[in-house]
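Colleague: Build me a model:
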Amino acid sequence: MLNEAKRLKEIIRLDTELSTVQDLDILLERILNEARKITDADAGTIYIRRGDNLVFSYTQNETQRNKLPPGQKLIFSTFIVKISKKSISGYVAATGEALNIPDVYKISKSSPYQFDSSYDKVSQYKTTSVLTVPLKTNRDEIVGVLQIINKQDSGGEVVPFDSEDEVVVKHFASTASMALQRAQLTRALILRMIQMAELRDPKETGPHVNRVASYATEIYERWAGRRSITPEELNRMRDVLRSAAMLHDVGKVGISDAILKKPGKLTTNERMIMETHTYIGARLFLNKQSEFDEVASMVALTHHENWDGTGYPGYVDIGTGSPIKRGRRRKRTGMKGEEIPIYGRVVAIADVYDALQSKRAYKEAWDEEEVYSEIRRLSGKKFDPEIVDVFFDCSKVLKSIFSRYPDAD
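Modeller: Coordinates of the predicted model:
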């Protein structure tokens, strides 16, 4: 448990660290994790406001997680809660007031809000103490709700949240709200770039790029665990990779409609033109200002490289697209094996996985076993065999991501 001095030190650290997180999803996960840590809470949920609704965005539960095999994650589905005073989270969003409830099963029947025990029944988890605070902007606009559950004492017993917890979490929520606004703006800007690409290529939709980015982040995290990457580097690179992966095909804005929207098979010349979207996309980040620019350029350039060297575009000058001579090679050949950056290898399998299981105008969605069989077949050819192993290690989580970002009807 954290004493008062350590809590203050943590809050100062978090104020700085949250301001560096770029991606919205990574930020939500981080906010919830840190809020639980500074209050010794076993579980928690974070909701994002969309109009008159709250979207259940992230949940964490240490007790439930400890029941899983090492390295596995809790799988959850998003759902929507109407903002009204009838539920605890809805009441907080509607009024802007925090609620500190010692035992949700002892809420007075005269209270405007009540606790929905259905999740406890399904999960076989007993919710007791709950502290719920609004995420407000400096203009008092509610952008979300942070809810932490079951504070534990030094012996692991569930106890109520105290007044000091309220003060600390309210301060933390204020910092988190500002970081959340900035991350939402960043996400909106990225999605606008995606919408530009979607005008050219209908396959480049918001749900598609969100899924690819989420898959890539999960796969990278599991790979990093095998490689003993430090937690600090892992957190930083997950954040950068998720945003960069959303822009993997942004270079298609530079391909003509005659090729991009051609219903039939491309000619050899048309295919060569299509392949230029890799370095056209990388070129957008040529004037590198940050690590994000570097990784986004890398992903755009290399996500069509193949493990066996048969991919494209190979070693090229990003500015001109001209092949770069390497050793005795006289013609352009693809990067091979670990010559391909890890980010390109990860996004490659994430992109193909989503394409296979998605319905498109030119094809039906493949069923799950067909998708898995194809990915196994491509191991050592198109994909890094180790990344394929990692993919199957986290396949249950990847499957849940698909349902969180459904395609529009």
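Colleague: what packs against the longest helix anywhere in the chain?
Modeller: The helix that spans the most residues within the chain, counting by DSSP state H, is helix 163-200. Using 3 or more C-beta pairs under 8 Å, 6 or more residues apart in numbering; DSSP states H and E as the contact criterion, the neighbours of helix 163-200 among helices and strands are helix 4-18, helix 24-39, strand 130-136, strand 142-152, helix 206-226, helix 231-246. Heads up, the C-betas are built off the backbone N, CA and C, glycines and all.
Colleague: For I149, name its beta-bridge partners.
Modeller: Per DSSP bridges, residues listed as beta-bridge partners of I149: A43, V130.
Colleague: That one reaches A43, doesn't it?
Modeller: Yes - with the criterion set as C-beta atoms under 8 Å, I149 and A43 qualify as a contacting pair; they are 4.1 Å apart.
Colleague: what's the overlap in contacts for those two?
Modeller: Each of 61, 127 lies in contact with both I149 and A43 under the rule C-beta atoms under 8 Å, 6 or more residues apart in numbering.
Colleague: tell me which residues of the longest helix of the chain are tucked away?
Modeller: Of the residues in helix 163-200, those buried under the neighbour-count criterion (16 or more other C-beta atoms under 10 Å) are 165-166, 168-169, 171-173, 175-183, 186-187, 190-191, 193-194, 197-198, 200.
Colleague: relative to helix 206-226, how tilted is it?
Modeller: Computed with axes from the mean of the first three to the mean of the last three C-alpha atoms, to 10 degrees, the direction of helix 163-200 lies at 120 degrees from that of helix 206-226.
Colleague: and helix 163-200, average pLDDT?
Modeller: Confidence over helix 163-200 (mean pLDDT, whole number) is 85.
Colleague: roughly how far out does that helix sit from the chain middle?
Modeller: Helix 163-200 sits 13 Å away from the centroid of its parent chain (C-alpha atoms, centre = their mean, to the nearest Å).
Colleague: Could you check the angle it makes with strand 130-136?
Modeller: Using the same axes, to 10 degrees: helix 163-200 against strand 130-136 is 50 degrees.
Colleague: Contacts for stretch 160-168, please.
Modeller: 4, 7, 11, 38-39, 41, 98, 100, 102-103, 129-131, 133, 148, 151.
Colleague: ok, and what's touching stretch 293-304?
Modeller: The contact list for stretch 293-304 (C-beta under 8 Å, 6+ apart) reads 237, 240-241, 243-245, 247-251, 275, 278-279, 281-282, 284-288, 311-313, 318, 335, 340-341, 343-345, 347-348, 351.
Colleague: Give the PyMOL command for selecting the buried subset of these.
Modeller: The PyMOL command for the buried members of the contacts of stretch 293-304 (criterion: 16+ other C-beta under 10 Å) is given here:
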select buried, resi 237+240+241+243+244+245+247+248+249+250+251+275+278+279+281+282+284+285+311+312+313+318+335+340+341+343+344+345+347+348+351
